[in-house]
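In: I'll drop the sequence and a predicted model, then ask my questions.
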Amino acid sequence: MKRKDTLKIALTGILIAVIAVLTLIGYLPGNPTASFTLAHIPVIIGIVLLKDWRYSLVLGFAFGMSSFIRAFFPIGVLDPLFVYPYISILPRILVGGTGYLAYLLVKNIKSATVRTGIIAAITTLANTVFVMGALFLFVGTELFGILDVIGFSAGALLIAVLSFNVPIELATGIIVSILVDRALTKYTGERFNTIDA
């Protein structure tokens, strides 16, 4: 096995472990309907560092599994809907793939900070779009039933997510990903993400 492959596998394992930890402490109460997550950050970091579509999908799958497991210990009122794999797992695999496509889009940008920031932003927004889309598409009846009970409309849900959850997830994803990338650059003395896919 090539050294680069070994390094990628090791880093992926570490990032999956971080996702597992964030499954326990990184899903926080958000708006009255949905908790917000920090577990997308290791996926972003993996995309930035590994630059490999295979590991991007693996990290997306791990993120989805964390959502699936967390659904059995809900915080937000919509969290139980994530027991369905097509709500929790499938959208997060697509998130990993979209993040990798974002990397391909910006990989020639000279500024590592700008590259990482754009990848983080696109990956985070993809998470919101795919998850919300899956909720409305696959479990709309159950979703609307829950919203009726708590006195929320679909429009109010979207406004709450876009005005509260998204800004927090977007800011943390961008800031932490940039800081981790810079820290690794300083530690190694060279741009860590020169690992070839």
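Out: Cool, got the structure.
In: may I have the phi/psi pair for the residue nearest the centre of the chain?
Out: Nearest residue to the geometric centre of the chain (C-alpha atoms, centre = their mean): H40, 2.5 Å. When read as degrees, to the nearest 10, the backbone of H40 gives phi -80, psi -20.
In: quick check: L59 vs F73, distance?
Out: To F73, L59 is 22 Å away according to C-beta to C-beta, to the nearest Å. All C-beta spots, glycine's among them, are computed from the backbone N, C-alpha and C.
In: related to what we said a few turns ago, so what's the residue nearest to the centre of the chain up against?
Out: Residues in contact with H40, defined by C-beta atoms under 8 Å, 6 or more residues apart in numbering, are 63, 95, 123-124, 127, 169, 173.
In: next structured bit after the least confident helix or strand in the chain by mean pLDDT?
Out: Least confident helix or strand, the chain: strand 27-28 with a mean of 62, by mean pLDDT, DSSP states H and E. Helices and strands here follow DSSP states H and E; after strand 27-28, the next one along the chain is strand 36-37.
In: where does this protein have low pLDDT?
Out: For the chain, applying pLDDT under 70 flags the ranges 1-3, 26-34, 185, 187-197.
In: so Y55 sits right up against T12, yeah?
Out: Yes - in this structure Y55 lies within contact range of T12 using C-beta atoms under 8 Å: 5.0 Å.
In: any idea how far the nearest residue to P74 once chain neighbours are set aside lies from P42?
Out: In space, and not counting its chain neighbours, P74 is closest to P80: 5.1 Å by C-beta to C-beta, 6 or more residues apart in numbering. Using C-beta to C-beta, P80 is found at 24 Å from P42.
In: right, I'll leave it there.
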